[in-house]
Structures are given as C-alpha cells and as structure tokens.
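Student: Sequence first, predicted model second:
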Amino acid sequence: MIERRRAQSLCRIAATALRIVFAGVAIEMLEIVGLLLAGGILLLWVCWKMWRELRMPPDAEAAAAHAPRKSFAQAAWEIVMADISMSLDNVLAVAGAARDHPAALVFGLGLSIVMMGVAASFIAGLLHRHRWIVYIGLAIILYVAGDMIWRGTLEIWLQLLR
C-alpha cells in the first residue's frame, strides 16, 4: 500500500510537469498546419480506445485483476507512460476546446491538474459507480476531436489554395 501511494504521488508530480510542458508549447504547436488535424485524429483514437475499454466484458476485467504483481519500478514506469499519453491528449483536448483563448487553456489545464491531485480517487470511484458519466465525457472528447479534425482539414485546404 505504501509503494502504491509512493508511485501515485510520483506519477501525479510527473503528470503535472508534463501538462505544464505540453501546455507551454500547445498553442504554438497548434499553429502548425496539419497538427490540428493530427491532434484531432489522436483524440479520436483515444476516444475509441476508451470506448473499447468501457465495453470490455466483466470476465476480462477479472482476469486483468488477477495478473501477477509488479515491482515498484514496473508500476511507476507504466503509470508514467500512461500519464504521458493522458497528459498529451488532455492538453490537446483542452487546447482544441480553448482554440485561440490562452486564458481558457490555462484555466482548463489548471482545473484538470487540481482535479487530478485533489479528487482523483473520488472521481475514479464516481465514474466506476456511474458509468453514464464516462459516456458523456467520451461524447465531449468525440465532439472536440471532430471539431479539431474539421478545422484541421479546412486549414490544410486553405493552405493548399494559397
């Protein structure tokens, strides 16, 4: 239990640092022609992957729960890799929703960091008990991904027409 808390604390710090780094370049990166489209496709993939996990049969979840225990280093590495992925798509989602409003980007990322640090266990329990909330979140991510894909495609077409 102590190692689990230690790994979670380490990963919260890493995720916060990653979000700050990704946010520092997100607005500038989204100015690169085609990157908005790529970010939208990445979010679409994340949404599909999350939807698949939601649809996983209970027996597959039970089999995953009985997997052999991992060392602290293995668990921390897996959590950090997941945090990199989640931090990047979190920043892309917030940057895509914020569009050209840096204040909205800062607020959205700040809110996600606070929620991750303060209420992560509570939110995870809430999402586990009320699965419908996850579907609402997926719908929002899907909308943002679709919007980013649409705007990214238009951006490329406009660039080609110049």
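Tutor: That came in fine, so what should we check first?
Student: nearest residue to residue 108 other than its sequence neighbours?
Tutor: residue 94 (3.8 Å; C-beta to C-beta, 6 or more residues apart in numbering). No exception for glycine: its C-beta is placed from N, CA and C like everyone else's.
Student: I misspoke; the intended subject was residue 29.
Tutor: residue 35 (5.6 Å).
Student: do you know how far that neighbour is from residue 161?
Tutor: From residue 35 across to residue 161, the span is 19 Å (C-beta to C-beta, to the nearest Å).
Student: and the two? which has more neighbours close in?
Tutor: residue 35 (17 against 6; other C-beta atoms under 10 Å).
Student: In this structure the more buried one contacts residue 152, no?
Tutor: Yes - assessed by C-beta atoms under 8 Å, residue 35 is found in contact with residue 152 at 7.5 Å.
Student: Report how many residues lie close to residue 153.
Tutor: Neighbours of residue 153 under the rule other C-beta under 10 Å: 14.
Student: centre of the chain versus the helix or strand containing it, how much separation?
Tutor: Using DSSP states H and E, residue 153 sits within helix 131-161. Put simply, helix 131-161 sits 14 Å off its chain's centre (C-alpha atoms, centre = their mean, to the nearest Å).
Student: which parts of that helix are buried?
Tutor: 134, 138, 141, 142, 144, 145, 147, 148, 149, 151, 152, 155 (16 or more other C-beta atoms under 10 Å).
Student: quick one: residue 113 from residue 69, how far?
Tutor: In terms of C-beta to C-beta, residue 113 sits 30 Å off from residue 69.
Student: oh sorry, the question was meant for residue 110
Tutor: Applying C-beta to C-beta, the value for residue 110 to residue 69 is 35 Å.
Student: now the helices: where do they sit in this structure?
Tutor: 2-29, 35-54, 58-65, 72-98, 102-129, 131-161 (DSSP state H).
Student: Having no further points to raise, I will conclude here.
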